[in-house]
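Novice: Quick check, what structure comes out for this input:
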Amino acid sequence: MAEKIVYRSYKGESDLPHIMGLVQSELSEPYVVYTFRYFLHEWPHLSFLAYPDSTSNDPIGAIVCKQSAHKSISNRGYIAMLSVDKRWRKRGIASSLVRHSIEAMKSGGVDEIMLETEYDNHAALSLYESLGFIREKRLYRFYLNGKDAFRLILVVPPPPSQSYSDESSEDSSSTSPPTNSFIHQHRQRSMWKAPPYRAIPVIPYSDDEDDDHCSSR
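Specialist: A predicted model of the protein is given here:
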């Protein structure tokens, strides 16, 4: 019988020990409990846990994120932590957790999503690049262990806007001229361009790879 991994968002303090256990057992960068609470209490809807089935109480993977204004000009998401139990890797769990968080951020109108990961963490780099992230910058001696990091960015375009003419054709009996607000929003969307981030070549990703440290930290 095929496995049915179950995903759900963070529910409360009872989930905290499980997330801390997963993250601290796999990631090299140390975090105190206050760091976890900062993310989980402020943005619980952006963090997800993975379970082997609907009856299990022990998660096998977790992702922790945030979303906030960046320099007052963009709505930026941030993937802070991602960890999957070694016994459950190579099954697409890490990529599914990232997709769940990306979709949750899109619901909040995110413009871009950022993370950092070790420069030689090839599994993590391949995972994120397969989801559309690009390497925007190398950060030298970024981690406490002295390792460099890559900053990765995913640009999220605005949802496609429906033209006024399409809306008006749905009900010809109630046609009204477009409002100034509608015109402004339509112009903004039509003028939107992706930020000029510099991409570094993508490494092909496969769930068969050893995603030993598929994580951002």
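
Novice: From here on, just use CA atoms for contacts and neighbour counts.
Specialist: Fine.

Novice: Summarise which helices and strands the longest helix anywhere in the chain is packed against.
Specialist: Counting by DSSP state H, the longest helix found in the chain is helix 93-107. When contacts are defined as 3 or more CA pairs under 8 Å, 6 or more residues apart in numbering; DSSP states H and E, helix 93-107 sits against strand 48-51, strand 61-70, strand 74-84.

Novice: Next, the angle from the longest one to helix 93-107.
Specialist: In other words, strand 74-84. Per axes from the mean of the first three to the mean of the last three CA atoms, to 10 degrees, the angle that strand 74-84 makes with helix 93-107 is 160 degrees.

Novice: Sheet partners, orientation included, of strand 74-84?
Specialist: strand 61-70 (antiparallel), strand 112-118 (parallel) (DSSP bridges).

Novice: can you give me phi and psi for residue 40?
Specialist: Per-residue torsions, residue 40: phi -70, psi -30 (degrees, to the nearest 10).

Novice: ok, now residue 121?
Specialist: The phi/psi pair for residue 121 (degrees, to the nearest 10) is phi -90, psi 80.

Novice: before we move on, what about the one 3 residues further on?
Specialist: As for residue 124, its main-chain torsions (degrees, to the nearest 10) stand at phi -70, psi -40.

Novice: Make sure it is actually in contact with residue 117.
Specialist: Yes. Counting by CA atoms under 8 Å, residue 117 is a contact partner of residue 124 at 7.3 Å.
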